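Participant: show me how the following folds:
(chains A and B)
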Amino acid sequence: MVAKRIITTLMLKDGVLFRTKEFSPDYRYTLNFVDMWSVDELIIIDISRNLNFYDKEKEIFFEEMKKISKNAYIPITAGGGVRKLKDIEKLLKNGADKIILNTASIIDANIISLAAKEFGSQCIVVCVDTMLEKDQYYLMENYGQKKSRINLIDYIEKIQENNAGEIFLQSVNKDGSLMGYDFDLLEKISSYIKIPLVVSCGAGNWDHVKKVLSYEYVSAASLTNIFHFTEKSINSLKNYIKDTTFIRE
Amino acid sequence: MISIIDYELGNTLSVKNAIEKLGYKCEITNNKNNISNSNCIILPGVGSFNKGISNLKKLKLIEILNEEVLIKKKKILGICLGFQLMCENSNEFGFNEGLGWLNFEVKKIDSKNLRLPHVGWNKINLLKSETNFLKKISNDNMFYFNHTYAIKNYKINDLSDLMTSSYGEDFVAAIKVDNIFGIQPHPEKSQKQGLQIIKNFIEC
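Facilitator: The predicted structure is shown next:
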């Protein structure tokens, strides 16, 4: 049986590690506290906005990613600003093992299928940003700022038809809240999820993680903010949930 | 010097980081002379089978690799797609012939009700270990897998070393046939036990 994964997501802006709240950089960190031996996977996202992969400023992100990957013998999924197939190759050459598509696949979901034909669908993670407003869940675009005209469920079905390998689910409302994952959202979309699902945004204590991983269709829990507070936290989380959840100890 | 083959598909830097951590020298290359002068070769891989074979052709690497592996009998380790490319054929995105060094076919995992791709940390089952390739590896170790296709039609008698894993059905996790080593999970991404396998390969 494959183990449920604990993932740490790092948000970098101009090469600097940030905590985010509702998708905006909220607090700057100077130190990377991640315990690379306990965590199962890293997601690294460049949240610097409107950068082209061949801009000079983008190099800062690649340099930082290279530094992180140097001591990470765990999978690294990288994203932020991927628009073309060449961008994917560039990420893989700079320390990534999988990549994340977001804006590009909202513009044209065909890019998922083209990328899967080249890099295999197992390499292509599609980020789905959501927001709850007046009892309605929306697919969000433009860094979580704008409601998309595409229906959320339609989009989830479409990316899977196009051979996405995994879904990375985010929630603008829950990001940085520490109030728990968006469990209502999970209930709404669960029957449409046919591929591995990584759930992000909102974890504030170990019970939130334990609960989200208890859902059969959730493959991994992503944590951002709470892992930044103490160095031993991943280990203590794993100790807390190991009796009820099949994980890599 | 270890050659990590650059065929424009693959997490080459991750493989390089792992080898350097072990204290060995390596280079990411598709240059004939470099490959010819290396002590051993790693064929990494994050990609589709179809694209993998066509890139090897495009970069004129097939002849070079055939010479090194089949004639000079140089050690080679295929990782994930790199391992699959060493086989007869695959039906990922249409039927394609592979390098044909290993007498296996690559087929989609019949995962039953489990979600594909098979992604994450999974246990292995060590079935045969006659050389040092799987030294210090035990059934308690977990490895990081990320694939939809796998090798299932192995015959244990033909192999000196074999470990399998399971996701709806059993498939090969690692094998050795003479100078040809293959591993389905990513040892460069599987913590200490992964580094151990890379070390074993280099020192075999």
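Participant: quick one, phi psi at B:Pro187?
Facilitator: For B:Pro187, the backbone dihedrals (degrees, to the nearest 10) come out as phi -70, psi -30.
Participant: run a quick neighbour tally on it.
Facilitator: Using other CB atoms under 10 Å in any protein chain shown, B:Pro187 is surrounded by 27 other residues. (Each C-beta comes from the backbone N, C-alpha and C, glycine too.)
Participant: nearest spatial neighbour of it, chain-adjacent residues omitted?
Facilitator: Counting by CB to CB, 6 or more residues apart in numbering or on different chains, B:Pro187 lies nearest to B:Gly194, which is 3.7 Å off, once chain neighbours are set aside.
Participant: can you check A:Ile247 too?
Facilitator: A:Ala3 (5.1 Å).
Participant: equivalent analysis for A:Ala72, please.
Facilitator: Closest to A:Ala72 by CB to CB, 6+ apart is A:Met36, at 5.0 Å.
Participant: just the pLDDT at the one you found, thanks.
Facilitator: You'll see A:Met36 listed with a pLDDT of 83.
Participant: repeat for the one 4 residues further on
Facilitator: Among the per-residue scores, A:Asp40 holds a pLDDT of 96.
Participant: ok, it touching B:Gly120?
Facilitator: Yes. Counting by CB atoms under 8 Å, B:Gly120 is a contact partner of A:Asp40 at 7.3 Å.
Participant: please, where are all the strands along chain B?
Facilitator: Using DSSP state E, the strands of chain B run over B:2-5, B:26-29, B:40-43, B:75-79, B:87-90, B:96-97, B:102-108, B:118-123, B:125-129, B:142-147, B:149-151, B:161-166, B:170-177, B:180-183.
Participant: and what of chain A?
Facilitator: For chain A, the strands defined by DSSP E occupy A:5-13, A:16-21, A:24-28, A:41-46, A:76-79, A:98-101, A:124-133, A:136-141, A:146-147, A:166-171, A:197-199, A:220-223.
Participant: one step back: what about the residue nearest to B:Pro187, neighbour count?
Facilitator: 24.
Participant: ok, now which ones touch it?
Facilitator: Taking CB atoms under 8 Å, 6 or more residues apart in numbering or on different chains, we find B:Gly194 in contact with A:Tyr73, B:Ala18, B:Phe143, B:Tyr144, B:Pro185, B:His186, B:Pro187, B:Glu188.
Participant: again with A:Asp184
Facilitator: A:Asp184 neighbours (CB under 8 Å, 6+ apart): A:Leu132.
Participant: mind checking how far it is from A:Thr130?
Facilitator: According to CB to CB, to the nearest Å, A:Asp184 stands 11 Å off from A:Thr130.
Participant: same check on A:Gly95?
Facilitator: In terms of CB to CB, A:Gly95 sits 29 Å off from A:Thr130.
Participant: my read: B:Trp121 touches A:Ile74, true?
Facilitator: No. Counting by CB under 8 Å, B:Trp121 sits too far from A:Ile74 to count as a contact (9.3 Å).
Participant: residue ranges in chain A under the pLDDT threshold?
Facilitator: Per-residue confidence for chain A (pLDDT under 70) gives these ranges: A:30-33, A:225-231.
Participant: and the residue nearest to A:Ala72, its phi and psi?
Facilitator: For A:Met36, the backbone dihedrals (degrees, to the nearest 10) come out as phi -70, psi -10.
Participant: what sits against it?
Facilitator: Contact partners of A:Met36, counting by CB under 8 Å, 6+ apart, are A:Leu42, A:Asn71, A:Ala72, A:Tyr73, A:Ile74.
Participant: most neighbours out of those, which is it?
Facilitator: With neighbours defined as other CB under 10 Å, the most crowded of those is A:Ile74; it has 27 neighbours.
Participant: count the residues that sit near B:Lys72.
Facilitator: When counting by other CB under 10 Å, one arrives at 10 neighbours for B:Lys72.
Participant: report pLDDT for it.
Facilitator: Taking B:Lys72 on its own, its pLDDT is 98.
Participant: equivalent analysis for the one 4 residues further on, please.
Facilitator: Model confidence at B:Ile76, given as pLDDT, is 98.
Participant: who's in contact with it?
Facilitator: Here B:Ile76 is in contact with B:Cys40, B:Ile41, B:Ile42, B:Leu43, B:Leu65, B:Glu68, B:Val69, B:Met86, B:Asn179, B:Ile180, B:Phe181 (CB under 8 Å, 6+ apart).
Participant: beta partners for it?
Facilitator: Beta-bridge partners for B:Ile76, by DSSP bridges, are B:Ile41, B:Ile180.
Participant: so how far is A:Leu114 from it?
Facilitator: 30 Å.
Participant: now for B:Trp121 and A:Ile74: what residues contact both?
Facilitator: With CB under 8 Å, 6+ apart as the test, B:Trp121 and A:Ile74 both reach A:Asp40, B:Tyr144.
Participant: now the end-to-end length of stretch A:186-200.
Facilitator: End-to-end span of stretch A:186-200 (CA to CA, to the nearest Å): 11 Å.
Participant: from the chain's centroid, how far away is that stretch?
Facilitator: Offset of stretch A:186-200 from its chain centre (CA atoms, centre = their mean, to the nearest Å): 14 Å.
Participant: now tell me what touches that stretch from outside.
Facilitator: With CB under 8 Å, 6+ apart as the test, stretch A:186-200 has contacts from A:5, A:7, A:9, A:43, A:125, A:137, A:152-153, A:156-157, A:160, A:164-171, A:181, A:212, A:215, A:217-224, B:115-117, B:119-120.
Participant: still on that earlier bit, return the member of the contacts of B:Ile76 nearest to A:Lys21.
Facilitator: B:Ile42 (42.8 Å; CB to CB).
Participant: contacting residues for A:Lys117?
Facilitator: For A:Lys117, the contact set (CB under 8 Å, 6+ apart) comprises A:Asn163, B:Ser48, B:Asn50, B:Lys51, B:Phe93.
Participant: now, which of these lie within helices?
Facilitator: B:Asn50, B:Lys51 (DSSP state H).
Participant: for chain A, which segments count as helices?
Facilitator: Here chain A has its helices, by DSSP H, at A:58-70, A:85-93, A:103-107, A:110-119, A:152-161, A:183-189, A:206-213, A:233-241.
Participant: on that earlier part again, who wins for proximity to A:His208 among the strands of chain B?
Facilitator: strand B:118-123 (20.1 Å).
Participant: do I have it right that A:Tyr137 meets A:Leu152?
Facilitator: Yes. The pair A:Tyr137 and A:Leu152 qualifies as a contact (CB under 8 Å) at a distance of 5.4 Å.
Participant: common neighbours of those two, please.
Facilitator: A:Thr130.
Participant: farthest from the middle of chain B: give me that residue.
Facilitator: The outermost residue of chain B relative to its centre, with distances by CA atoms, centre = their mean, is B:Asn113 at 26.6 Å.
Participant: what's the closest non-adjacent residue to that residue?
Facilitator: Leaving aside its chain neighbours, B:Asn113 sits nearest to B:Gly168 (7.6 Å; criterion: CB to CB, 6+ apart).
Participant: likewise B:Thr131?
Facilitator: Closest to B:Thr131 by CB to CB, 6+ apart is B:Ser160, at 5.3 Å.
Participant: thank you kindly, that will do.
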